[in-house]
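[1] Here is my input; please provide its structure:
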Amino acid sequence: MGYRAEYDSWKADPEGWWMQAAQAIDWVKAPTRALSQRGENLYEWFSDAEVNTCWNAVDRHVEAGRGDQTAIIYDSPITGAKSKTSYAELQTQVVSLAGALAARGVTMGDRVIIYMPMVPEALVAMLACARIGAIHSVVFGGFAANELAVRIDDCTPKAIIAASCGLEPGRTVEYKPLLDGAIDLADHTPDLCVILQRDACPCALGPRDVDWHAVQKDVTPADCVPVPGNHPAYILYTSGTTGAPKGVVRATAGHLVALNWTMKNIYQMNPGEVFWAASDVGWVVGHSYICYAPLIHGNTTIVFEGKPVGTPDAGTFWRVIEEHDVKSFFTAPTAIRAVKREDPKGEYRAKYDLSGLRALYLAGERADPDTIEWAQNILDVPVYDHWWQTETGYTIAGNPAGLEALPVKIGSPTVAMPGYDVQILDDAGHPVAPGELGAIAVKLPLPPGTLPTLWNAEDRFIKSYLHTFPGYYETGDAGMMDEDGYLYIMARTDDVINVAGHRLSTGAMEEVLAGHPDVAECAVVGVTDQLKGQSPVGLLCLTTGVNRAHDEIVAECVKRVRDQIGPVAAFKQAVVVDRLPKTRSGKILRGTVVKIADSEAFKMPATIDDPAILDEIKDALQTIGYAKG
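    Numbers count the residues shown, from 1 in each chain. Okay, the predicted model is just below:
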């Protein structure tokens, strides 16, 4: 079936549609029904089933005679290390670590924090937890001690699995002092910490620490433990507006069914082929598309320890794609912008044979048209923007190229996937006309694989997501839908600014600025204006090699916004900066920039990539009259 027929089939019989998708999973006890309700606007999927994630991601492929197929390719341009792990080898490693955890008292329902760099052992740790029914919570390796402590206290892990260090271009991040500092700060203390010693920076082990290899000696291999369909597979913390992190819960059965469906229908993958998501296991993309979905579907996944530029150059993505015969490649727009900034003419791309690549998939933030067009031109493959969230775990709106490749409308992540009834609502919760800006919401129930609640915080879950628009999940994003059902994500809801009574999307202004030939990357924020309420201010990063006067470029950018959006935007000020403040996953910290511009106090974002950049932003904003405090 094509997309429309598939979507209509889901809408006509949602439970029947998902029960059919569930047939691709190996069940210990198959579900008798898809959906159940456990409270007002609270739902669960496949809750009467019994299943094991690790069996579906590893053992069943070995049982089917595909144990020799490569499961994980490790490629570290930082260390020069490369390796391949077959499904049979992965099974042996997971069985051993799971046995070691079980021998130390970790059982079904216990929490295990994983604090690891981008190495294959991170996936082994995740799968070992899933094997015995433990609930893992992966925390980005190198996260600050106080932020790790908050997560320790929230999920109270019985064990923590960590590495001695992580490696960044030009520096080594020692994890052990951060881990010890976090445990000292936390009220809860884990029973043990399993430490993977890395050659670059081994660490001393304390009384509660055990070596990764030593702990696995002479253990009884662990069998897969069946868990109920609604059993939490993992907890993944995402930043909250209150400053306290929100523990997104992922239920096991729906996670398996939904992710498996996406690999063929969205990402065009056949079992045995190589899929690469250039992300980190600390983020939701790393959970869904480095670890679980590719392995559940029987693909080969790549664990890449490097950066889009600087390890060693702007051709590292293309080298990996050629060398490992990647069929579908998934990364964030910010990564492609970094490559474009360093290599605007695509000279590195020309060195590699990318004829095996089917498509580039972008997600994590808005993909501006200029970036998409540049990538299309140099790669000569379709570039598909798609939109989803930590909370959903996979695509809300995308181009289902495995079902039917729909025409790309640059600036849109295309259409809602089966399972998602996406609506654009006004402030009162009423649907708006096509082309009108509003809040993007999803009619309940959400599909399988999305969050059923927050860890130990159901009231907060309801207040954060279900309260504003009764009967809907509030995405927190603003946008519009056209007559063809194509969705346009314009900004976070709080990034829609009000200029003299006009609601304007900062994303629309960013699109215009990004189209300037000298601008590699940009951000627009709404700062306080005594007369108009808010005024837009642009931050511009220039393409490498541009040496024109900054005043000229700013003047041209201001004119572009005036010409393409109109005087109503009141866009009059921009400043050139070397780099934008971002999270480690590539999201621009617009809210923090606004506070700096308005001279307000702010909490250092826990996920910021480099705190020093905020001083640079403050200095730049002061040159145009802001950040005076």
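
[2] drop to CA atoms for contacts and neighbour counts, all remaining ones
    Fine.

[3] so how far is stretch 48-68 from its chain's centroid?
    Centre-to-centre, stretch 48-68 and its host chain are 25 Å apart (CA atoms, centre = their mean, to the nearest Å).

[4] Which positions within it qualify as buried?
    48-62, 66-67 (16 or more other CA atoms under 10 Å).

[5] So which of those are in strands?
    Judged by DSSP state E, the subset of those located in strands is 50, 51.

[6] So which of the buried residues of stretch 48-68 belong to helices?
    Counting by DSSP state H, the part of those found in helices is 53, 54, 60, 61, 62.

[7] Mind picking the two most distant members of these?
    For these, the maximum inter-member distance is 14.4 Å, found between 53 and 62 (CA to CA).

[8] Tell me where this structure is predicted with low confidence.
    239-243, 493-495, 500-503, 629 (pLDDT under 70).

[9] Backbone dihedrals for residue 343, both of them.
    phi -140, psi 60 (degrees, to the nearest 10).

[10] Now do the same contact list for the closest residue to it other than its chain neighbours.
    Nearest in space to residue 343, with sequence neighbours left out and distances taken as CA to CA, 6 or more residues apart in numbering, is residue 314 at 6.5 Å. Counting by CA atoms under 8 Å, 6 or more residues apart in numbering, residue 314 makes contact with 308, 339, 342, 343, 348.

[11] All the helices of the stretch 251-400 of the chain, residue numbers only.
    All helices of the stretch 251-400 of the chain, identified by DSSP state H, counting those that start in this stretch, fall at 252-265, 284-285, 293-296, 316-324, 333-342, 369-379.

[12] Can you give me the end-to-end span of stretch 244-256?
    29 Å (CA to CA, to the nearest Å).

[13] Quick check: buried residues in it?
    Neighbour count says stretch 244-256 has 245, 246, 247, 248, 249, 250, 251, 252, 253, 254, 255, 256 buried, by 16+ other CA under 10 Å.

[14] ditto for stretch 450-470
    For stretch 450-470, by 16+ other CA under 10 Å, it's 450-455, 461-462, 464-466, 468-469.

[15] Tell me which of the residues you listed fall in helices.
    residue 461.

[16] which among the buried residues of stretch 450-470 gets closest to residue 19?
    Nearest to residue 19, judged by CA to CA, of the buried residues of stretch 450-470 is residue 450 at 16.2 Å.

[17] check contacts around the closest one.
    Residue 450 sits next to 250, 251, 254, 255, 391, 392, 393, 394 when contact means CA under 8 Å, 6+ apart.

[18] who's in contact with stretch 265-279?
    Stretch 265-279 is contacted from outside by 69, 263-264, 285-286, 289-290, 294, 297-304, 324-332, 398-403, 585, using CA under 8 Å, 6+ apart.

[19] buried stuff in stretch 317-334?
    For stretch 317-334, the neighbour count (16+ other CA under 10 Å) marks 317-322, 324-334 as buried.

[20] any idea where the strands of the stretch 151-300 of the chain begin and end?
    For the stretch 151-300 of the chain, the strands defined by DSSP state E, counting those that start in this stretch cover 159-163, 165-168, 171-174, 192-196, 209-211, 227-228, 232-238, 246-251, 274-277, 300-304.

[21] The fifth one: partners in the sheet, and parallel or antiparallel?
    Using DSSP bridges, the strands paired with strand 209-211 are strand 192-196 (parallel).

[22] tell me how far the strand it pairs with is from the chain's mean position?
    With CA atoms, centre = their mean, you get 26 Å for strand 192-196.

[23] which residues touch it?
    158-164, 208-213, 215.

[24] List buried residues within the residues you listed.
    Using 16+ other CA under 10 Å as the burial test, the contacts of strand 192-196 include 158, 159, 160, 161, 162, 163, 164, 209, 210, 211, 212, 215 as buried.

[25] returning to what we had before: check the helices of the stretch 251-400 of the chain for me and report the most buried one.
    Most buried of those, by mean neighbour count (mean count of other CA atoms under 10 Å): helix 293-296, with a mean of 27.

[26] All the strands of the stretch 351-500 of the chain, residue numbers only.
    Going by DSSP E, counting those that start in this stretch, the stretch 351-500 of the chain shows strands at 359-362, 383-385, 387-388, 395-398, 415-416, 422-425, 438-443, 472-481, 487-492, 496-499.

[27] now those strands as CSV including mean neighbour count and distance to residue 179?
    Shown next, in CSV, are the strands of the stretch 351-500 of the chain (neighbours: other CA atoms under 10 Å; distance: least, CA to CA, whole Å):
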stretch, mean neighbour count, distance to residue 179
strand 359-362, 22, 33
strand 383-385, 27, 37
strand 387-388, 22, 31
strand 395-398, 24, 33
strand 415-416, 24, 41
strand 422-425, 23, 41
strand 438-443, 24, 38
strand 472-481, 21, 33
strand 487-492, 24, 33
strand 496-499, 21, 39
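
[28] Rebuild those as a markdown table, extending it with distance to residue 119.
    Shown next, in a markdown table, are those (distance: least, CA to CA, whole Å):
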| stretch | distance to residue 119 |
| --- | --- |
| strand 359-362 | 23 |
| strand 383-385 | 27 |
| strand 387-388 | 25 |
| strand 395-398 | 26 |
| strand 415-416 | 34 |
| strand 422-425 | 37 |
| strand 438-443 | 36 |
| strand 472-481 | 32 |
| strand 487-492 | 33 |
| strand 496-499 | 39 |
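
[29] tell me the two of the buried ones among the contacts of strand 192-196 that are most distant?
    158 and 164 (19.3 Å).

[30] Pipe the buried residues of stretch 244-256 into TSV and attach distance to residue 386 per row.
    Below are those laid out as TSV (distance: CA to CA, whole Å):
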residue	distance to residue 386
245	25
246	23
247	24
248	21
249	22
250	21
251	23
252	24
253	24
254	20
255	19
256	20
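
[31] and of these, the nearest to residue 592?
    Looking across the buried residues of stretch 244-256 and measuring by CA to CA, the closest to residue 592 is residue 245, at 16.6 Å.

[32] from memory that closest one sits against residue 235, does it?
    No. Using CA atoms under 8 Å, residue 245 makes no contact with residue 235, being 11.3 Å away.

[33] Select the longest helix from the protein.
    The chain, longest helix under DSSP H: helix 87-103.

[34] Identify each buried residue in it, please.
    87-91, 93-103.

[35] Return the list of helices and strands in contact with that helix.
    Helix 87-103 sits against helix 60-63, strand 70-76, helix 120-132, with contacts defined as 3 or more CA pairs under 8 Å, 6 or more residues apart in numbering; DSSP states H and E.

[36] moving C-terminal of it, what's the next helix or strand?
    Per DSSP states H and E, helix 87-103 leads on to strand 111-115 as the next helix or strand towards the C-terminus.

[37] Please put the alpha-carbon coordinates of that next one into PDB.
    The C-alpha coordinates for strand 111-115 follow below in PDB (Å, rounded to 0.1, in the frame of the first residue of the first chain):
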ATOM      1  CA  ARG A 111      17.400   0.500  37.600                       C
ATOM      2  CA  VAL A 112      20.900   0.700  36.100                       C
ATOM      3  CA  ILE A 113      22.500   4.000  35.000                       C
ATOM      4  CA  ILE A 114      24.800   3.700  32.000                       C
ATOM      5  CA  TYR A 115      27.400   6.500  31.700                       C
END
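
[38] and the angle from that strand to strand 159-163?
    Calculated by axes from the mean of the first three to the mean of the last three CA atoms, to 10 degrees, strand 111-115 forms an angle of 10 degrees with strand 159-163.

[39] and strand 111-115 with helix 87-103, angle?
    For strand 111-115 against helix 87-103, the angle by the same axes, to 10 degrees is 120 degrees.

[40] Identify all contacting residues around strand 111-115.
    122, 125-126, 129, 134-142, 152, 155-163.

[41] Going through those residues, which ones are buried?
    Buried subset of these (neighbour count, 16+ other CA under 10 Å): 122, 125-126, 129, 134-142, 152, 155-163.

[42] Spell out which residues make up each domain of this structure.
    85-225, 500-622 (automatic domain parsing).

[43] Thanks a lot, see you next time.
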